[in-house]
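Participant: For reference, the sequence and a predicted model appear below.
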Amino acid sequence: DAGITQSPRYKITETGRQVTLMCHQTWSHSYMFWYRQDLGHGLRLIYYSAAADITDKGEVPDGYVVSRSKTENFPLTLESATRSQTSVYFCASSDARQGANLRQPQHFGDGTRLSIL
Amino acid sequence: SQKIEQNSEALNIQEGKTATLTCNYTNYSPAYLQWYRQDPGRGPVFLLLIRENEKEKRKERLKVTFDTTLKQSLFHITASQPADSATYLCALPSGSARQLTFGSGTQLTVLP
């Protein structure tokens, strides 16, 4: 089915471990985003990507790494997980390129619930 | 710094009534504003976009207003139904690359 899928849906790991969250979209959207959602903070942007091989930091990038070798995939890696990174992570994509598409909405996956013990 | 506030964390209303949710912002001059719906365990889903030169926009039972002088958007659901129960998020453009900044949301419960 077309859309945006995240995996895994749930993940439990320990502090200090490396963990990678996957995101795949089938629309060939140029822009992709990673957010974390925490009570009291709402959605906060971690990293975003304008195209393959182009990534940039968002509001809360520390402790995270991203890559985008293909348009459809945008994995998020926690290189050494900490308890403060326990959260729900959402990936989104958008076709907001130039001109009339500037205001295109973002399309979200259903999230990965990550617990770090 | 830019700030978005949604009026309350939770709002309970009776079925059939009109629900009104508020989104206030400061230190922004947004060209548009978006509203999303989020159900438990799911990602946000886009509902409506309103541009700065539009005072009001409607989609079925949904109505959004945008007052750039008051720096406020109101989101109305008329003839509300229990199926409308969800968290509603407003979002404004920020940064230089199609980014959105989201409010923390208002959880709406429509009581049968």
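Facilitator: Structure's in. What do you need?
Participant: how about A:Val66, what does it touch?
Facilitator: Applying Cβ atoms under 8 Å, 6 or more residues apart in numbering or on different chains to A:Val66 gives the contacts A:Trp34, A:Ile46, A:Tyr47, A:Ser49, A:Thr55, A:Phe74, A:Pro75, A:Leu76, A:Thr77. (C-beta placed from N, C-alpha, C; glycine too.)
Participant: can you pull the pLDDT of it?
Facilitator: Looking at A:Val66, its pLDDT is 97.
Participant: What separation do you get for the one residue sitting closest to the centre of chain A and A:Glu72?
Facilitator: In chain A, the residue lying closest to the centroid (Cα atoms, centre = their mean) is A:Trp34, at 2.5 Å. Distance, A:Trp34 to A:Glu72, by Cβ to Cβ, to the nearest Å: 15 Å.
Participant: element containing the nearest residue to A:Val65 once chain neighbours are set aside, please.
Facilitator: Spatial nearest neighbour of A:Val65, chain neighbours left out: A:Thr77 (4.5 Å); criterion: Cβ to Cβ, 6 or more residues apart in numbering or on different chains. Using DSSP states H and E, A:Thr77 falls within strand A:76-78.
Participant: after that strand, next one along is what?
Facilitator: Counting by DSSP H and E, what follows strand A:76-78 is strand A:87-94.
Participant: Give me the contact list for that following strand.
Facilitator: Contacts with strand A:87-94, where a contact means Cβ under 8 Å, 6+ apart, come from A:4, A:6, A:21, A:23, A:25, A:27, A:29-38, A:43, A:46, A:74, A:76, A:104-109, A:111-114, B:43-44, B:98.
Participant: Just confirm B:Lys57 contacts B:Leu47, I think it does.
Facilitator: No. Assessed by Cβ atoms under 8 Å, B:Lys57 is found out of contact with B:Leu47, at 10.3 Å.
Participant: can you give me the mean pLDDT across the host helix or strand of B:Leu92?
Facilitator: Assigned by DSSP H and E, B:Leu92 belongs to strand B:86-94. The average pLDDT for strand B:86-94 rounds to 93.
Participant: Weed out the non-buried ones from the contacts of strand A:87-94.
Facilitator: A:4, A:6, A:21, A:23, A:25, A:29-37, A:43, A:46, A:74, A:76, A:104-109, A:111-114, B:43-44, B:98 (16 or more other Cβ atoms under 10 Å in any protein chain shown).
Participant: how many other residues sit next to A:Gly40?
Facilitator: Applying other Cβ atoms under 10 Å in any protein chain shown, we find 6 residues neighbouring A:Gly40.
Participant: that older thread, the helix or strand just after the strand holding B:Leu92 pairs with which strands?
Facilitator: Sequence order places strand B:99-102 as the next helix or strand after strand B:86-94, per DSSP H and E. Taking DSSP bridges as the criterion, strand B:99-102 pairs within the sheet with strand B:86-94 (antiparallel).
Participant: what's the offset of the partner strand from the middle of its chain?
Facilitator: Relative to the centre of its chain, strand B:86-94 is centred 6 Å away, using Cα atoms, centre = their mean, to the nearest Å.
Participant: Now it: buried residues?
Facilitator: By neighbour count on 16+ other Cβ under 10 Å, the buried set for strand B:86-94 is B:Ala86, B:Thr87, B:Tyr88, B:Leu89, B:Cys90, B:Ala91, B:Leu92, B:Pro93, B:Ser94.
Participant: Then stretch B:70-82?
Facilitator: Counting neighbours by 16+ other Cβ under 10 Å, one finds that the buried residues in stretch B:70-82 are B:Lys71, B:Gln72, B:Ser73, B:Leu74, B:Phe75, B:His76, B:Ile77, B:Ser80.
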